[in-house]
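> Requesting a structural model of the entry that follows:
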Amino acid sequence: MNKTSLIFKYFQKKDLLRVKNKEYQKTLSSLFTFLVENDKVKEDKTGNIVPDKKITAKVLAREKGIAAGIEELCFLIKNFTSLSLKPKIKDGEEFEKDDIIAEINGGSREILAYERTMLNILQRASGIATQTNRMVTIINKQIFIAATRKTPWMTLDKKAVAVGGGLTHRLSLADGILVKDNHLESLRVVHHLKDNTEAITKALEMILPKVKNQLVEVEVKNENEAIQAITTFQEGTSNNYLALLFDNFTPEQLQQTIQKLNKQFDLGNIITEASGGIDEGNLLQWTETGVDILSLGALTHSTEAANLSLEF
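Numbers count the residues shown, from 1 in each chain. Just a heads-up that it's a prediction; the model follows:
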């Protein structure tokens, strides 16, 4: 399996993030229930005193962007309200200022009660998809962009990243093996190890005999840790795959490290990922490092919501 195929197999889980998937339905339903209960939708004091009338409301764009969250909102409106939603655009499509994103039909009181919850879902998802798409456009397919697990709305955020052209990475702790610095620190303490290189060896010696046809990713802080991870992995397995997560390197440091590793090892089937200090302003610098994937928590934990409004 070539590296691109490996990346899509282990870092792109968007096919699981469809409303036909029961697990995804459960996540969406839990989130929607939390939002509605928190907003006390059934106790809308203002909405409950205005006349109730069958109407059509429109969700309008106040700026351009990439649509996301539409599939999810259609599912939620159908299953949790008596309203009906008619999309005017599909997830992943670009919209312009003043475009109609969707029409919502039903009683005016119910629309008013759910207005903020519906907009929050569309605004957040579309904002994430828009920012992701902007970054993917900047790097022009030279490298992959991925989300991290810094996702307040969990898999809904991950889905929006995928809609924007990015990779989902792991959807949960149960969705792959990633040995991070705190795992290594724990092993150092428990087994009285000297440093992280010994902890990496210990971790891989514990993991590799227990898994088959899996991607095992290890976070490394320097060149020596990367070398130790590759060496131990190659000595201990023939049916798994390795990924290295280079954390908090500068672009210059990472470029030098990958160049050295390429001289010593065959990195053809070893996935390399960088995280920490990556933003829209320095993306092009990272494309020159030779790394395969850039992971950004900022895609989901601090993205700007799309500017949408609901009008009667």
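
> distance of Thr56 from Arg109?
Noted for Thr56: a distance of 15 Å to Arg109, by C-beta to C-beta, to the nearest Å. Bear in mind the C-beta positions are built from the backbone N, C-alpha and C, glycine included.

> More neighbours: which of these two?
Arg109 (17 against 12; other C-beta atoms under 10 Å).

> Tell me where the stretch 1-150 of the chain has strands.
54-61, 65-66, 84-87, 94-95, 100-107, 144-147 (DSSP state E, counting those that start in this stretch).

> Report the mean confidence score over stretch 190-198.
Averaging pLDDT along stretch 190-198 yields 92.

> For Asn269, find the nearest of the strands of the stretch 1-150 of the chain.
In terms of C-beta to C-beta, the element of the strands of the stretch 1-150 of the chain nearest to Asn269 is strand 144-147, at 15.7 Å.

> Show the average pLDDT along the closest one.
The pLDDT scores in strand 144-147 average 96.

> CA atoms only for stretch 243-263, dumped as PDB, please.
The C-alpha coordinates for stretch 243-263 follow below in PDB (Å, rounded to 0.1, in the frame of the first residue of the first chain):
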ATOM      1  CA  ALA A 243       3.500   7.200  11.800                       C
ATOM      2  CA  LEU A 244       5.700   9.800  13.500                       C
ATOM      3  CA  LEU A 245       4.100  12.900  15.100                       C
ATOM      4  CA  PHE A 246       6.700  15.700  15.200                       C
ATOM      5  CA  ASP A 247       5.500  18.000  18.000                       C
ATOM      6  CA  ASN A 248       6.500  21.700  18.300                       C
ATOM      7  CA  PHE A 249       9.300  21.600  15.700                       C
ATOM      8  CA  THR A 250      10.000  24.700  13.700                       C
ATOM      9  CA  PRO A 251       9.800  24.300   9.900                       C
ATOM     10  CA  GLU A 252      13.600  24.500   9.700                       C
ATOM     11  CA  GLN A 253      14.100  21.900  12.400                       C
ATOM     12  CA  LEU A 254      11.700  19.500  10.800                       C
ATOM     13  CA  GLN A 255      13.100  19.900   7.400                       C
ATOM     14  CA  GLN A 256      16.600  19.100   8.700                       C
ATOM     15  CA  THR A 257      15.300  16.100  10.700                       C
ATOM     16  CA  ILE A 258      13.400  14.600   7.800                       C
ATOM     17  CA  GLN A 259      16.300  15.000   5.500                       C
ATOM     18  CA  LYS A 260      18.500  13.100   8.000                       C
ATOM     19  CA  LEU A 261      15.900  10.400   8.400                       C
ATOM     20  CA  ASN A 262      15.600   9.900   4.700                       C
ATOM     21  CA  LYS A 263      19.300   9.200   4.500                       C
END
